[in-house]
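Q: sequence unavailable; structure follows:
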Ligand SMILES: Nc1ncnc2c1ncn2[C@@H]1O[C@H](COP(=O)(O)OP(=O)(O)OP(=O)(O)O)[C@@H](O)[C@H]1O
Ligand SMILES: [Mg+2]
């Protein structure tokens, strides 16, 4: 579908002026966003930003203090069972039934939604847990639990899936594997709302990202536009001593050059010619290119470096 | 499979895979049945130990009553010393035609028994030696009275206790662990009612309770223990099920109050252990003081035990259903009302 068509369709999720306080703490402080059907929407932010609180209000698990939420035009609060059928939820902590195996968990969750467990095996396959079908919940590794809990969120074939930090606590390899799982869920036409701490992950997976901190959304756009909007220069890193800072500043297109530690950092808004020049004069294995990332966007928005 | 049966079977699988739950539901009560069953196996056939000196027809007649275990002494003084020291309840000395009886003042029941029998024997011997034909004759015959055997109250008692224990722990632990592990919130995010969730767990608990009852009764009827079921034993089933519902509701109240498994286990034990003693499931309360019996009347476990015993071993009529049913149903309603008031989906 084209961008125009998408704009005309009513959004799958519309959130306006959402607010929630715990005592004096404004955990969510006036949040607005819309999620289009079929979109992969990320909420990115450090610990305590208000991601879970936002998600759980949208899911209908917490009562908002103020604001409106519409999912397919309906309000999730008070508990709306017809809506619950259309959404799948993975909570930040895995919630499983005691002593049941993976496949039994899936069948039981399917039963909660009044659907047969015939999708259970397919979902295990989707998250790559087929060989753990008969393993009990307490004998799964952290990453396997995360994957099972995603499968449990999908077993009743929902239209929208909410995943709260599905990739946290995983090793880099397991996280990559999970990215593939998330991609294949998107390919099934599901709308996905997910939260993460990882900037590069949001950049890789999301159609649009909301950057959240202290209960507020600081920026919301596609990762590419966020990065482009920053108009930050590309940085080229060289080993110190390969070329002097003075010489580097002479190169056409170089904005600045400076030494820090054992690295020489060159910034440029026209990386093409600069890299071509460097390629002729220095050994390539001493050179690294750092383009702008969401990390720079976060630094720019908050004035401080992003810490996971 | 419907949501209800699916959740029930999930609960049953969880239970039968939990070794600790299995131990406390089956092995623990069984242990008591076996210990008490063996300990009290030949109670009722007990003889009274008394001391005797001398011989003759009176001593022989005393021996042939079968009521006494006789210890012979050379002198009366020796036997008397034993009675005074509390070693023997009584001593009988026969010297010529004088029969001397000395009994300990501490045990009035034993004293009365000994005195009655000795006097009877002496009269009998007197009549016979005088050649008089007695005008009245008592024709006594022993009846196998099943209710006298301790196993007849041990099994219903331990069964009521074991099943109640299983129901309380089953529902309380499920609730607390589900809340702690966020399963409750996850269930709430599915289009299913809390009554389906609790009802399915209750059905699982009832099935477990029935299996427990079958195992306990089965072991009790082994020849070693010799439990004998009364004709209308099946009327105990409704009492058993009502008891399970009542104690399931107790578990819900405990589970609604407690935040951790440790607290749950502590509170559940603090409720169920004193209740067990006050309900007379370990030993009958017939000899207990009046105030204790009054407290006992407010214990649902007592009424469950009485209802179960009435049909399992005492062969009472269906009217014995009324009292336990009313008490257990009323108690259930009370517990459910409290649980509904304090129940919380989340731990915060
Ligand atoms: N039930 C609660 N009671 C009181 N305060 C809460 C509660 N839940 C969250 N908070 C507070 O609200 C703020 C936002 O919490 P939230 O869980 O939404 O953050 P988050 O972005 O999901 O963080 P994380 O990345 O660590 O999961 C935090 O400061 C937290 O301490
Ligand atoms: Mg969170």
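A: Yep, it's here. Given the structure is predicted, the values throughout are model-derived calculations rather than measurements. Ligands and ions are numbered 1, 2, ... in the order given.
Q: residue ranges of each domain in the chain, please.
A: All of this is about chain A. A:3-86+A:158-227, A:101-155, A:233-291 (automatic domain parsing).
Q: switch to chain B, that's the one I care about
A: B:2-40+B:149-342, B:48-129.
Q: right, and these - which one's nearest chain A?
A: The minimum distance between chain A and the domains of chain B falls on domain B:2-40+B:149-342, with 3.3 Å, by Cβ to the nearest Cβ. All C-beta spots, glycine's among them, are computed from the backbone N, C-alpha and C.
Q: in stretch B:118-135, what's buried?
A: Residues B:118, B:121, B:122, B:125 are the ones in stretch B:118-135 that count as buried (16 or more other Cβ atoms under 10 Å in any protein chain shown).
Q: what about residue B:28, neighbour count?
A: By other Cβ atoms under 10 Å in any protein chain shown, the residues close to residue B:28 number 15.
Q: again with residue B:225
A: Residue B:225: 20 neighbours (other Cβ under 10 Å).
Q: check it and give its pLDDT.
A: Residue B:225 carries a pLDDT score of 89 in this model.
Q: before we move on, what about residue B:49?
A: 83.
Q: what pLDDT is listed against the nearest residue to residue A:143 once chain neighbours are set aside?
A: Spatial nearest neighbour of residue A:143, excluding adjacent residues (Cβ to Cβ, 6 or more residues apart in numbering or on different chains): residue A:174 at 4.0 Å. Note for residue A:174: predicted pLDDT of 81.
Q: residue A:174 belongs to a strand?
A: No: Residue A:174 is assigned helix when assessed by DSSP: H, G, I helix; E, B strand; the rest coil, not a strand.
Q: gap between it and ligand 1?
A: Separation of residue A:174 from ligand 1 (Cβ to the nearest ligand atom, to the nearest Å): 19 Å.
Q: what about the strands in chain A?
A: Under the criterion DSSP state E, strands of chain A are mapped to A:13-22, A:25-35, A:40-44, A:66-71, A:87-90, A:160-164, A:191-196, A:208-213, A:216-221, A:234-239, A:254-260, A:263-268, A:287-290.
Q: with distance to ligand 1 and mean pLDDT added, can I get the ones you listed in JSON lines?
A: Putting these into JSON lines (distance: least, Cβ to the nearest ligand atom, whole Å; pLDDT from 0 to 100) gives the following:
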{"stretch": "strand A:13-22", "distance to ligand 1": "3", "mean pLDDT": "96"}
{"stretch": "strand A:25-35", "distance to ligand 1": "3", "mean pLDDT": "96"}
{"stretch": "strand A:40-44", "distance to ligand 1": "8", "mean pLDDT": "95"}
{"stretch": "strand A:66-71", "distance to ligand 1": "15", "mean pLDDT": "96"}
{"stretch": "strand A:87-90", "distance to ligand 1": "13", "mean pLDDT": "95"}
{"stretch": "strand A:160-164", "distance to ligand 1": "7", "mean pLDDT": "96"}
{"stretch": "strand A:191-196", "distance to ligand 1": "6", "mean pLDDT": "95"}
{"stretch": "strand A:208-213", "distance to ligand 1": "7", "mean pLDDT": "94"}
{"stretch": "strand A:216-221", "distance to ligand 1": "12", "mean pLDDT": "93"}
{"stretch": "strand A:234-239", "distance to ligand 1": "29", "mean pLDDT": "85"}
{"stretch": "strand A:254-260", "distance to ligand 1": "31", "mean pLDDT": "86"}
{"stretch": "strand A:263-268", "distance to ligand 1": "31", "mean pLDDT": "87"}
{"stretch": "strand A:287-290", "distance to ligand 1": "26", "mean pLDDT": "82"}
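Q: can I get these in CSV including mean neighbour count?
A: Formatted as CSV, the strands of chain A follow (neighbours: other Cβ atoms under 10 Å in any protein chain shown):
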stretch, mean neighbour count
strand A:13-22, 18
strand A:25-35, 19
strand A:40-44, 26
strand A:66-71, 17
strand A:87-90, 26
strand A:160-164, 24
strand A:191-196, 25
strand A:208-213, 23
strand A:216-221, 18
strand A:234-239, 18
strand A:254-260, 15
strand A:263-268, 20
strand A:287-290, 14
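Q: tell me which residue of chain A lies closest to ligand 2.
A: residue A:52 (3.0 Å; Cβ to the ion).
Q: circling back to that earlier point, which of the buried residues of stretch B:118-135 fall in helices?
A: Taking DSSP state H, the ones among the buried residues of stretch B:118-135 that sit in helices are B:118, B:121, B:122, B:125.
Q: closest to ligand 2 out of those?
A: residue B:118 (86.7 Å).
Q: give me the three-state assignment for the residue nearest to that closest one when sequence neighbours are not counted.
A: With sequence-adjacent residues excluded and distances taken as Cβ to Cβ, 6+ apart, residue B:118 is closest to residue B:101, at 5.5 Å. Three-state assignment for residue B:101 (three-state DSSP): strand.
Q: how about the residue in chain A that chain B sits nearest to, what does it touch?
A: Going by Cβ to the nearest Cβ, chain B is nearest to residue A:111 of chain A, at 3.3 Å. Counting by Cβ atoms under 8 Å, 6 or more residues apart in numbering or on different chains, residue A:111 touches A:117, B:1, B:2, B:3, B:6, B:7.
Q: leaving out chain neighbours, which residue sits closest to the fifth one?
A: Ranked by Cβ to Cβ, 6+ apart and with sequence neighbours excluded, the top spatial neighbour of residue B:6 is residue A:111, at 3.3 Å.
Q: tell me the confidence at the one you found?
A: 91.
Q: likewise residue A:308?
A: For residue A:308, pLDDT reads 52.
Q: need the three-state assignment for the residue nearest to residue B:106 when sequence neighbours are not counted.
A: Nearest residue to residue B:106, sequence neighbours excluded (Cβ to Cβ, 6+ apart): residue B:86, at 6.6 Å. State at residue B:86, reduced to three classes by three-state DSSP: coil.
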